[in-house]
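**Q** Whatever this is, show me its structure:
(chains A, B, C, D, E and F)
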There are 4 protein chains.
Amino acid sequence: MTREDIITAAVEIVADEGYDRLTLSRLAGALGVRKASIYYHFTGKQEMVDSIYAHFRDQFLNLGFAVDFSKDARTVFMTAMSHWKTVFQDKQRAAFISLVEQRKNIDDRSWDVANSLRLMIRGQCEAMLEHVMAAGQMRGVSSSLLSLMFSNTVYSALVDGQGDPDAFLVSFLDSFIK
Amino acid sequence: MTREDIITAAVEIVADEGYDRLTLSRLAGALGVRKASIYYHFTGKQEMVDSIYAHFRDQFLNLGFAVDFSKDARTVFMTAMSHWKTVFQDKQRAAFISLVEQRKNIDDRSWDVANSLRLMIRGQCEAMLEHVMAAGQMRGVSSSLLSLMFSNTVYSALVDGQGDPDAFLVSFLDSFIK
Amino acid sequence: MTREDIITAAVEIVADEGYDRLTLSRLAGALGVRKASIYYHFTGKQEMVDSIYAHFRDQFLNLGFAVDFSKDARTVFMTAMSHWKTVFQDKQRAAFISLVEQRKNIDDRSWDVANSLRLMIRGQCEAMLEHVMAAGQMRGVSSSLLSLMFSNTVYSALVDGQGDPDAFLVSFLDSFIK
Amino acid sequence: MTREDIITAAVEIVADEGYDRLTLSRLAGALGVRKASIYYHFTGKQEMVDSIYAHFRDQFLNLGFAVDFSKDARTVFMTAMSHWKTVFQDKQRAAFISLVEQRKNIDDRSWDVANSLRLMIRGQCEAMLEHVMAAGQMRGVSSSLLSLMFSNTVYSALVDGQGDPDAFLVSFLDSFIK
DNA sequence: AATGAATGAGGTTTCATTCAT
DNA sequence: AATGAATGAAACCTCATTCAT
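**A** Presented below is the predicted three-dimensional model:
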């Protein structure tokens, strides 16, 4: 059993049963060890929770945004969506995001994570829209406004399961991109 | 001390400190009474939590949507936004919404509430857009897509504090409504 | 069960089994209650230990030193010894003194108590010796030196069970007081 | 790391933080090794504590009492005091004595040690007083009584830090030894 | 000679709950 | 309508110990 195993099991519990059910007994049960064993790897519950954030911060930092802007607008957006789905729908990351969504109004650390994810989508969207606009392929709506609405909708779809992101993307492209 | 006092204090704790910190001691402390006193009003913690949901369900049901569609598009939307701000920014309701946001991926009851609030905005938005479109005041974008994006953005602004809803509305009206 | 009951049981455990054996389970066992019950009366173990010191500080402050200096030297000393035996051999106080003796080199609070008890005997002894000396009943040894040695010996006898205090007193009086 | 290193660190912890803080983790921390390593040197905590007593019993047995009774009374006493200071103020032995002082009312082994140290001083003092008395240099006070008071005072000074032993000795010699 | 990893027992504390008053 | 007192269960944490390496 490694620190990472524990972290993985912990976020899974939080995602499935809620932050309030993240107890060391529950965690030990999920890991198939006794709860005292967890104390070999962490000095206490708090350090364990802290290291969840540290672990995923590192994870997210290592994710590039490999979008080739030389392709046509539709391809660019679909590649981006594909990337976001990878980012958000990876099982472990999704569990961590569930944690920060539960806690984002409670602790600043969670708020920061949730916020930066939203900003990531928004920023990347805006870059793509600017690019498309420069190519004269977009209708006359401010890219700033559009990327705000776009990113909120994508975020809701990916994180809250509010609708199908692909269907939305198609509809969006049909409406706004020539 | 009434049931309502307890409910009010309870959602405040959840909103400020998180659902996991909603304990009867904490609650009694906030109310300035002893823990045991709460059992005079509720049979137990579960019933208390249940009644939080019941209480606010009633609250939300009693909120009408008094928008006069005979006014011009801008007025209609601004009246609607004003209404939503009333709905979401009332201190107690905001606290309750914080509760359901924390729990929406954990229990169905919370998911239902969060979902129906989002749908409320979306439906009302769609109705307004259809109306505007019928009056020929709107650019050629599907009202369904637009209301999806609009409602997600308004919801994020009102619930997650993601941006200023009024500034967004102005920008939205300028871009999409003649 | 009152706070005082708990304190009494606690010092008894410390005196009989050592400070390291003062656990809440052990304490609850001695009191015939469950350990959670102790938390109704104290916020935690630390506060309980603190209140032991507070309790006995009050106790000791209320002990007068009713020695009638108009009596003859032997009577004065024997009355004093009688008083000290009352002070030190009361079951509860003896248990508390055992606590402070165990801890006097560890925490300042204990050192203060042990020290002031020693000084109490020494001061009272010195006062008596001065009185006797003024009456011309004493051999030419400095009362300061004599009271130092006397008080250390009485303290050892009463607190550490080092010898019989009465036998010592008789011997002391025979040697130093006419 | 040797058994002696461990013993030395152990008594230091007891002296500084109290017997209840002598845990294997704490000890390992002080030694800069892991907890499990201690089990290479001792079969368990109990054996380690036992060997503390054994170690210091040997130490004390090897301390002679090299006082040359042919010298004058003052010199004899001052040599003895010098010896006692060596015995009691050695850092390690002082730590061990702190241990037995903490535990002397709890376990017999500790009581035996503390008692024999007191008796050592008392016996040596009595021998010196008898010698002095035989030489006609002492005032007419029973050497038995005087050595009891003397030894208690010296013991308090050396072990409990109650006063300066040298100042006391000078004062004692001035008062009782011609 | 030392350690990484685990564990059962037992420690302190908090939880929701009960019940007589 | 509220509380003082207690409690079983379960939380977090520390303890001494074991054992393969």
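**Q** Which secondary structure state is assigned to the closest residue to A:L173 other than its chain neighbours?
**A** Spatial nearest neighbour of A:L173, chain neighbours left out: A:R74 (5.6 Å); criterion: C-beta to C-beta, 6 or more residues apart in numbering or on different chains. All C-beta atoms are positioned from the backbone trio N, CA, C, and that covers glycine. Secondary structure state of A:R74, per DSSP: H, G, I helix; E, B strand; the rest coil, is helix.
**Q** how about A:R26, secondary structure?
**A** helix.
**Q** and it, what does it touch?
**A** Counting by C-beta atoms under 8 Å, 6 or more residues apart in numbering or on different chains, A:R26 touches A:I13, A:E17.
**Q** ok, back up a step: the residue nearest to A:L173 and A:Y53, how far apart?
**A** According to C-beta to C-beta, to the nearest Å, A:R74 and A:Y53 sit 37 Å apart.
**Q** Same check on A:S156?
**A** Distance from A:S156 to A:Y53, by C-beta to C-beta: 23 Å.
**Q** Tell me which residues touch A:I177, please.
**A** Contacts of A:I177 (C-beta under 8 Å, 6+ apart): A:A73, A:R74, A:F77, A:V132, A:Q137, A:M138.
**Q** who's in contact with stretch A:118-138?
**A** A:65, A:67, A:69, A:73, A:76-77, A:80, A:84, A:143-144, A:146-148, A:150-152, A:154-155, A:176-178, B:156, B:162.
**Q** repeat that for 7 Å
**A** A:65, A:69, A:73, A:76-77, A:80, A:84, A:143-144, A:146-148, A:150-151, A:154-155, A:176-178, B:162 (C-beta atoms under 7 Å, 6 or more residues apart in numbering or on different chains).
**Q** Can you tell me which of those end up in helices?
**A** A:73, A:76-77, A:80, A:84, A:143-144, A:146-148, A:150-151, A:154-155, A:176 (DSSP state H).
**Q** Generate a PyMOL selection restricted to the buried subset of those residues.
**A** The PyMOL selection below is limited to those of the ones in helices among the contacts of stretch A:118-138 classed as buried (16 or more other C-beta atoms under 10 Å in any protein chain shown):
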select buried, chain A and resi 73+76+77+80+84+143+146+147+148+150+151+154+155+176
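**Q** From the ones in helices among the contacts of stretch A:118-138, pick the one nearest C:S37.
**A** A:Y155 (50.6 Å; C-beta to C-beta).
**Q** Leaving out chain neighbours, which residue sits closest to the closest one?
**A** According to C-beta to C-beta, 6+ apart, the nearest residue to A:Y155 is A:R118 (5.3 Å).
**Q** A:E17 now?
**A** B:I106 (6.9 Å).
**Q** I'd say the one you found and A:Y19 touch.
**A** No: at 8.6 Å, B:I106 does not count as touching A:Y19 under the criterion of C-beta atoms under 7 Å.
**Q** if I look at A:Q89, how far off is A:M81?
**A** 11 Å.
**Q** Compare those two (neighbour count), which wins?
**A** The neighbour comparison of A:Q89 against A:M81 (other C-beta atoms under 10 Å in any protein chain shown) goes to A:M81, with 20 against 13.
**Q** Let me know whether the residue nearest to A:L173 touches A:D174 as I believe.
**A** No: counting by C-beta under 7 Å, A:R74 does not reach A:D174; the two are 9.6 Å apart.
**Q** Contact residues of chain A facing DNA strand F?
**A** Within chain A, the positions lying close to DNA strand F (C-beta under 7 Å from any atom of the strand) are A:L22, A:T23, A:L24, A:S25, A:R26, A:K35, A:A36, A:Y39, A:T43, A:G44, A:K45, A:Q46.
**Q** Which of those has the largest number of neighbours?
**A** Of all the residues of chain A next to DNA strand F, A:L22 has the most neighbours under the rule other C-beta under 10 Å, reaching 21 neighbours.
**Q** per-residue pLDDT, that one?
**A** Note on A:L22: pLDDT of 98.
**Q** from memory it sits against A:A10, does it?
**A** Yes: under the criterion of C-beta under 7 Å, A:L22 makes contact with A:A10 at 6.1 Å.
**Q** Give the rounded mean pLDDT of the helix ranked longest in chain A.
**A** In terms of residue count, the longest helix belonging to chain A (DSSP H) is helix A:108-134. When pLDDT is averaged over helix A:108-134, the result is 93.
**Q** which bits of chain A sit near chain B?
**A** A:17-20, A:98, A:102-103, A:105-106, A:118, A:141-142, A:145, A:148-150, A:152-153, A:156, A:162, A:171-172, A:175 (C-beta under 7 Å from any C-beta of the partner chain).
**Q** Of the residues you listed, select the buried ones using a PyMOL command.
**A** PyMOL command restricting the residues of chain A next to chain B to the buried ones, with burial defined by 16+ other C-beta under 10 Å:
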select buried, chain A and resi 18+19+20+98+102+103+105+106+118+141+145+148+149+150+152+153+156+162+171+172+175
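**Q** Please name the residues that touch the closest residue to A:V11 other than its chain neighbours.
**A** In space, and not counting its chain neighbours, A:V11 is closest to A:A95: 4.0 Å by C-beta to C-beta, 6+ apart. Residues near A:A95 by C-beta under 7 Å, 6+ apart: A:V11, A:E12, A:V14, A:A15.
**Q** how far out from the middle of the chain is stretch A:168-178?
**A** 23 Å (C-alpha atoms, centre = their mean, to the nearest Å).
**Q** now swap in stretch A:33-49 and tell me
**A** 26 Å.
**Q** Show me what it is in contact with.
**A** In contact with stretch A:33-49 (C-beta under 7 Å, 6+ apart) are residues A:M1, A:R3, A:I6, A:A10, A:L24, A:S25, A:L27, A:A28, A:S51.
**Q** still on that earlier bit, you'd agree the residue nearest to A:E17 is in a helix?
**A** No: counting by three-state DSSP, B:I106 is located in no helix; its state is coil.
**Q** Look up phi and psi at it.
**A** phi -100, psi -50 (degrees, to the nearest 10).
**Q** Need the pLDDT of A:S70.
**A** Confidence for A:S70, expressed as pLDDT, is 87.
**Q** Would you check how far apart it and A:T79 are?
**A** A:S70 is 11 Å from A:T79, by C-beta to C-beta.
**Q** Of these two, give the one with the bigger neighbour count.
**A** Neighbours were counted for A:S70 and for A:T79 using other C-beta under 10 Å; A:T79 has more, 17 against 8.
**Q** Please tell me how far whatever residue of chain A ends up closest to chain C sits from A:L24.
**A** Nearest residue of chain A to chain C (C-beta to the nearest C-beta) works out as A:G44 at 17.5 Å. For A:G44, the distance to A:L24 equals 9 Å [C-beta to C-beta].
**Q** Which strand or helix spans the spatially most central residue of chain A?
**A** Nearest residue to the geometric centre of chain A (C-alpha atoms, centre = their mean): A:F88, 4.1 Å. A:F88 belongs to helix A:73-89 when assigned by DSSP states H and E.
**Q** Downstream of that helix, the next helix or strand is which one?
**A** helix A:91-103.
**Q** quick one: average confidence on that following helix?
**A** Mean predicted lDDT for helix A:91-103 stands at 97.
**Q** got the angle for it vs helix A:108-134?
**A** Relative orientation of helix A:91-103 versus helix A:108-134 (axes from the mean of the first three to the mean of the last three C-alpha atoms, to 10 degrees): 110 degrees.
**Q** okay, helix A:91-103 in PDB with CA atoms only?
**A** Extracted in PDB, the C-alpha atoms of helix A:91-103 (Å, rounded to 0.1, in the frame of the first residue of the first chain):
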ATOM      1  CA  LYS A  91     -11.800   8.300 -13.100                       C
ATOM      2  CA  GLN A  92      -9.500   9.600 -10.500                       C
ATOM      3  CA  ARG A  93      -9.500  13.100 -11.700                       C
ATOM      4  CA  ALA A  94     -13.300  13.100 -11.800                       C
ATOM      5  CA  ALA A  95     -13.400  11.900  -8.300                       C
ATOM      6  CA  PHE A  96     -11.000  14.700  -7.200                       C
ATOM      7  CA  ILE A  97     -13.100  17.200  -9.000                       C
ATOM      8  CA  SER A  98     -16.200  15.900  -7.200                       C
ATOM      9  CA  LEU A  99     -14.300  16.600  -4.000                       C
ATOM     10  CA  VAL A 100     -13.400  20.200  -4.900                       C
ATOM     11  CA  GLU A 101     -17.000  20.800  -6.100                       C
ATOM     12  CA  GLN A 102     -18.300  19.600  -2.800                       C
ATOM     13  CA  ARG A 103     -15.900  21.800  -0.900                       C
END
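**Q** Nothing else from me, thank you.
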